[in-house]
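Asks: Okay, predicted coordinates and the sequence, questions at the end:
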Amino acid sequence: MLTHMMATIMGPALTAGPDASTLALAPKNPLPYWRRLAAARQLDRGPELLRDSGGPVTRNVLGPKWMIPPLVFVSSPQGAHDVLARTDAFAERAATPVAVELRRLLGDNLLVVPHREWLPRRRAVQPIFTKYNVPRFAGHMAEVAEQLAERWALGAAVDLDADCRALTLRALGQSILATDLTHQSQVVGDALRICGKWATDRALRPVNPPRWWPTRGQRRARAATASLRALTAEILHACRADPTRDAPLVRALMQTIDPDTGQPLSDRAICDELVLFLLAGHDTTSTVLTYALWALGHRAELQQRVAAEAEAVGDRRLTHEDVPRLRYTMQVLHEAMRLCPPAPAVGRTVMADIEVDGYRLPAGTSAIVGIYAMHRDPALWEDPLRFDPDRFSPERSKGRDRWQYLPFGGGPRGCMGDHFAMLEATLALATILRRTKVLSLSTDFPTVTPLTMIVAAPIRARVAVRSDTSLDAD
């Protein structure tokens, strides 16, 4: 279901569209300056606050253009389409302030390079993550999930976030990097928080200290980057030393040609890409999986539906061929991604005047699509704060605007790892709940958004083997 949905979302890219010169600018947001400044730096609830005060397309001017570009926050399905479906000639991801800061910190990668550099790298790496090739990784994902379920079956109080991060990073390492990342979860997780916060804060502040100034934040960001580069250099060195090493992502990057030089990518360029995949390839899946387990830990009847569905497949390791039979499990993950989207907001820099939901966005504007705000909008979703996986049943999904649900973004530069992420999460959730049951001890699910949506504190739960009745009395 998600594969079809995402193919539809990607769709054909928009070019210029109608002449926008006669349209009015998006209305200025009426909130006081300091509230608008705070909202601009909070990528989940900030766009929601700006929408409630200024409408689904609202302009947030924080300073003169030479200091910080005007920000337009968009939280309508039509507006999301009008921004994200554009080609890079009209709405460029690499030119956003956040992308510029990330590129200076982490180097060139698929997230931040402009179209000319992005296209050959995307073409080289994309085949690894297609629905035709991703099934080869299913064995790694199911095996790691089984090991976690076996440990949980012993009964204990656990941190769902820490365990899910370790699970997804280990699966990532085994499946596409041929590397054991069992003990790297804390290093990679800390680096994501530090680097993402540094880049986002700089991008959305009107005034910043020079990058060479040794502030505490800049020292920490550089140290985190250095640790990631050291890790990726080890991965690349191991692959070069052993040509038989089965690391499909590393091999694809080694065979990619640099459009500027006509030569293979340098080791530095390959490591830049590996840094991105380390950060983005595990944290988003782990947060969604953590949210799903936490939510089900409060709803025993929904948890039982997932367990029963997985048990019906048979007492064996789950494979990619079982995924079509795990429909309710996928609905649970869809609902988790609605309430806790991997990317709470995505941005584009407008390169030429365009129309966005009836308004004109001039060249130079930073357009920010508030995915979190759309996913929780009462105008788009019935009882939006309720965890209800059945809202993604085929019957209730009919007629829904395809642009109001964007867990992996959309348009030409939407996430190419959606098949990988969904296969990993579906097999992991079904495998874990087939063998264990979860009782959530944390009443809240605190998150922070340094760049993606990540968990801000331990998510406590009690776990036990599924046949154990001790949790049922709690």
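Replies: Yep, it's here. Numbers count the residues shown, from 1 in each chain.

Asks: List of residues touching stretch 206-214?
Replies: Leu37, Leu62, Gly63, Met67, Ile68, Arg104, Arg202, Thr215, Gln218 (C-beta atoms under 8 Å, 6 or more residues apart in numbering). Backbone N, C-alpha and C define where each C-beta goes, glycine included.

Asks: can you do 10 Å?
Replies: 37, 40, 62-64, 67-68, 101, 104-105, 201-202, 215, 217-218, 221-222 (C-beta atoms under 10 Å, 6 or more residues apart in numbering).

Asks: CA atoms only for it - export them in PDB, please.
Replies: This file holds the C-alpha atoms of stretch 206-214, laid out as PDB (Å, rounded to 0.1, in the frame of the first residue of the first chain):
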ATOM      1  CA  PRO A 206      18.900  36.200  12.100                       C
ATOM      2  CA  VAL A 207      22.400  36.700  13.500                       C
ATOM      3  CA  ASN A 208      25.200  34.100  14.000                       C
ATOM      4  CA  PRO A 209      28.800  34.200  15.200                       C
ATOM      5  CA  PRO A 210      31.400  33.400  12.400                       C
ATOM      6  CA  ARG A 211      31.900  29.700  11.700                       C
ATOM      7  CA  TRP A 212      35.500  30.000  12.800                       C
ATOM      8  CA  TRP A 213      34.600  31.300  16.200                       C
ATOM      9  CA  PRO A 214      35.200  28.500  18.700                       C
END
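
Asks: For it, what does the pLDDT average out to?
Replies: Averaged across stretch 206-214, pLDDT comes to 86.

Asks: can you check stretch 88-101 too?
Replies: Mean per-residue pLDDT for stretch 88-101: 92.

Asks: do stretch 21-36 as well
Replies: 95.

Asks: Next, find the distance separating Ile354 from Thr22.
Replies: With distances taken as C-beta to C-beta, to the nearest Å, Ile354 is found 13 Å from Thr22.

Asks: again, but for Ala94
Replies: For Ala94 relative to Thr22 (C-beta to C-beta), the value is 30 Å.

Asks: What ranges in the chain fall below the confidence cut-off?
Replies: 1-13, 15-18, 468-470, 473-474 (pLDDT under 70).

Asks: Nearest spatial neighbour of the residue nearest the centre of it, chain-adjacent residues omitted?
Replies: In the chain, the C-alpha nearest the mean C-alpha coordinate belongs to Pro342, at 3.3 Å (C-alpha atoms, centre = their mean). Leaving out its chain neighbours, the residue that sits closest to Pro342 by C-beta to C-beta, 6 or more residues apart in numbering is Thr284, at 3.5 Å.

Asks: Let me see the contact set for the one you found.
Replies: Per C-beta under 10 Å, 6+ apart, neighbours of Thr284: 168, 337, 340-343, 407-408, 415, 417, 421, 425, 452-454.

Asks: hmm, back to that, could I have the PyMOL command that selects the buried members from the contacts of stretch 206-214?
Replies: Burial among those is assessed by 16 or more other C-beta atoms under 10 Å; the matching PyMOL selection reads:
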select buried, resi 37+40+62+68+101+105+201+202+218+221+222
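
Asks: Ala191 - how many residues pack around it?
Replies: By the criterion of other C-beta atoms under 10 Å, Ala191 has 24 neighbours.

Asks: Can you classify the residue nearest to the centre of the chain by secondary structure?
Replies: At Pro342 the chain is in coil, as set by DSSP: H, G, I helix; E, B strand; the rest coil.

Asks: residue contacts, it?
Replies: 280, 283-288, 371, 407-409, 415, 417-418, 421, 452-454.

Asks: All set, thanks.
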